[in-house]
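J.: any chance you could fold what I've pasted below:
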Amino acid sequence: MKLLIIGGTRFLGRAIVQAALAAGHEVTLFNRGQSNPDLYANLETVVGDRDGGLGVLHGRTWDAVIDTCGYVPRLVRDAATLLADRVELYTFISSISVYSDPSIAHMDENAPLGTIEDETVETVDGDTYGPLKVLCEKAATEAMHGRALNVRAGLIVGPHDLSDRFTYWPCRVARGGQVLAPGAPDSFVQFIDVRDIAAWTVQATEKRLTSAYNVTGPNEPITMSHLLHACKEVSGSDATFTWVSDEFLEANEVEAYTEMPLWVPAAFAGYDTVNCQKAIGAGLVTRPLPATIRDTLEWANGRGADYQWRNGMKAEREAELLALWRKLQPVSS
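T.: Residues are numbered from 1 along each chain as shown. Okay, here's the model as predicted:
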């Protein structure tokens, strides 16, 4: 398969390239040549900006395109329109953030989608990200006359993740000591190893699948307690876990998902029970949790002691909250 990848040098993009090459496909990259420009020096890279610079793709054809970095509907529509007669399938990396009510449990692909009043908005932030992804899906599907695959990704984790929204936990637990554990131990969490979503995306593109698929994991549900104890087992640390309530975290203005990775209030708990049976039925397989933890920890440990974390709770803040939590607990007689 001749495959055009828009992006391809950061996190999910690089994993998709690796999965495509491992499957024997011929890969061409289209990007601005700014992020990790030497990562795939042996691959053909067409340098251009998708905002007004798509002309460099004229005169070329591929079997399919995978768009890893589409956030603005206008730009997705421009790319899909140009490529409609040059590729058989447009695979668009979307997000489970497309759903309008994240409190709904077990959402499948038919759950209500988010909307935005002004569909010309191109500022991407916490309020617009999901609705803009909805419009991006629509733009790709319409321009391709239905020949679009919309991959609704959950939280993507693993080596080379720049967000630290999962990496925090293997590293924090490995450090040992008393760990602030958020919410209820039996609350569900969902995420997917970048290599697993990349492999499925390439396979689904090979099969010319169309329509929307929720793609997150693991295949078997896991709880926050399961995750933290798996981190402890993999790292061999002496960590102990102090579980603090959602109410305590909210009262102390702990930022969900960022300052306290993987923790969300009940109003967003639907993001951790998304129904992925459609993708599983189409071949989605997720690797064992310890493998993701081990590989993430090994990669993170190579970043150096001076690495500046993008997300995760600072040690001082954690200690303060743990001390306050203990003070608020009733004294046993």
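J.: sec struct for Pro170, please.
T.: Reducing the assignment at Pro170 to three states with DSSP: H, G, I helix; E, B strand; the rest coil gives helix.
J.: which phi and psi does the residue nearest to it when sequence neighbours are not counted have?
T.: Distances taken as C-beta to C-beta, 6 or more residues apart in numbering place Leu297 nearest to Pro170, at 4.2 Å, with adjacent residues excluded. Every C-beta, even on glycine, is put in place using the N, C-alpha and C of the backbone. With angles defined as degrees, to the nearest 10, Leu297 sits at phi -60, psi -40.
J.: for Leu297, give its distance to Arg152.
T.: Note on Leu297: its distance to Arg152, by C-beta to C-beta, to the nearest Å, is 28 Å.
J.: so between these two, which is more surrounded?
T.: Arg152 (25 against 20; other C-beta atoms under 10 Å).
J.: surely that one is in a strand?
T.: Yes: under three-state DSSP, Arg152 falls within a strand.
J.: low-confidence ranges in this protein?
T.: Scanning the chain for pLDDT under 70 picks out the ranges 332-333.
J.: can I see the domain layout of it?
T.: As given by automatic domain parsing, the domain ranges for the chain are 2-153, 168-190+221-272+288-327.
J.: first to last residue in the longest one, what's the distance?
T.: Counting by C-alpha to C-alpha, to the nearest Å, the length from the leading to the trailing residue of domain 2-153 is 24 Å.
J.: of the domains of the chain, which is nearest Val215?
T.: With C-beta to C-beta as the measure, domain 2-153 is the member of these nearest Val215 (5.3 Å).
J.: report the beta-bridge partner residues of Thr240.
T.: The partner list for Thr240 in beta bridges (DSSP bridges) reads Gln178.
J.: could you report the separation of it from Gly176?
T.: For Thr240, the distance to Gly176 equals 9 Å [C-beta to C-beta].
J.: how about Arg14?
T.: From Arg14 to Gly176 the distance is 32 Å (C-beta to C-beta).
J.: so for these two, which residue has more residues nearby?
T.: Taking other C-beta under 10 Å, Arg14 and Gly176 do not tie; Arg14 has more neighbours (22 against 14).
J.: which residues touch that one?
T.: Neighbouring residues of Arg14 by C-beta atoms under 8 Å, 6 or more residues apart in numbering: 8, 36, 39-40, 160.
J.: buried members of these into PyMOL, please.
T.: This is the PyMOL syntax for the buried subset of the contacts of Arg14, where burial follows 16 or more other C-beta atoms under 10 Å:
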select buried, resi 8+40
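J.: what's the closest of the contacts of Arg14 to Tyr213?
T.: The closest of those to Tyr213 turns out to be Gly8 (C-beta to C-beta; 20.8 Å).
J.: nearest spatial neighbour of the closest one, skipping sequence neighbours?
T.: Distance criterion C-beta to C-beta, 6+ apart; nearest residue to Gly8, sequence neighbours excluded, is Leu29 at 4.3 Å.
J.: what's the one you found sitting at in phi/psi?
T.: The phi and psi torsions at Leu29 (degrees, to the nearest 10) take the values phi -100, psi 140.
J.: any residues touching stretch 97-108, and which ones?
T.: Contacts with stretch 97-108, where a contact means C-beta under 8 Å, 6+ apart, come from 96, 111-115, 129-131, 133-134, 137, 152, 214, 264, 266-271, 273-275, 277-278.
J.: out of the residues you listed, which are inside strands?
T.: Applying DSSP state E to these, the entries found in strands are 152, 214.
J.: list only buried entries from the contacts of stretch 97-108.
T.: Applying 16+ other C-beta under 10 Å to the contacts of stretch 97-108, the neighbour count classes 96, 111, 113-114, 130-131, 133-134, 137, 152, 214, 264, 269-271, 274-275, 278 as buried.
J.: which residue ranges form the strands in the stretch 151-300 of the chain?
T.: Listed in chain order, the strands of the stretch 151-300 of the chain (DSSP state E, counting those that start in this stretch) span 156-157, 178-182, 188-189, 192-193, 211-215, 222-223, 240-244.
J.: with distance to Val202 added, can I get those in a markdown table?
T.: As requested, the strands of the stretch 151-300 of the chain are arranged in a markdown table below (distance: least, C-beta to C-beta, whole Å):
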| stretch | distance to Val202 |
| --- | --- |
| strand 156-157 | 15 |
| strand 178-182 | 34 |
| strand 188-189 | 26 |
| strand 192-193 | 14 |
| strand 211-215 | 12 |
| strand 222-223 | 25 |
| strand 240-244 | 37 |
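J.: show me the one of the ones you listed that comes nearest Val285.
T.: For Val285, the closest of the strands of the stretch 151-300 of the chain is strand 192-193, at 10.4 Å, according to C-beta to C-beta.
J.: quick revisit: roughly how far does the residue nearest to Pro170 sit from Pro159?
T.: Note on Leu297: its distance to Pro159, by C-beta to C-beta, is 10 Å.
J.: shared neighbours of those two, anything?
T.: What both Leu297 and Pro159 touch, as defined by C-beta under 8 Å, 6+ apart, is an empty set.
J.: how about the nearest residue to Asn36, chain neighbours excluded?
T.: The shortest distance from Asn36 to any non-neighbouring residue, by C-beta to C-beta, 6+ apart, is to Thr9 (4.2 Å).
J.: again but with Asp67, I slipped
T.: Ile6 is the one closest to Asp67 (C-beta to C-beta, 6+ apart), at 4.5 Å.
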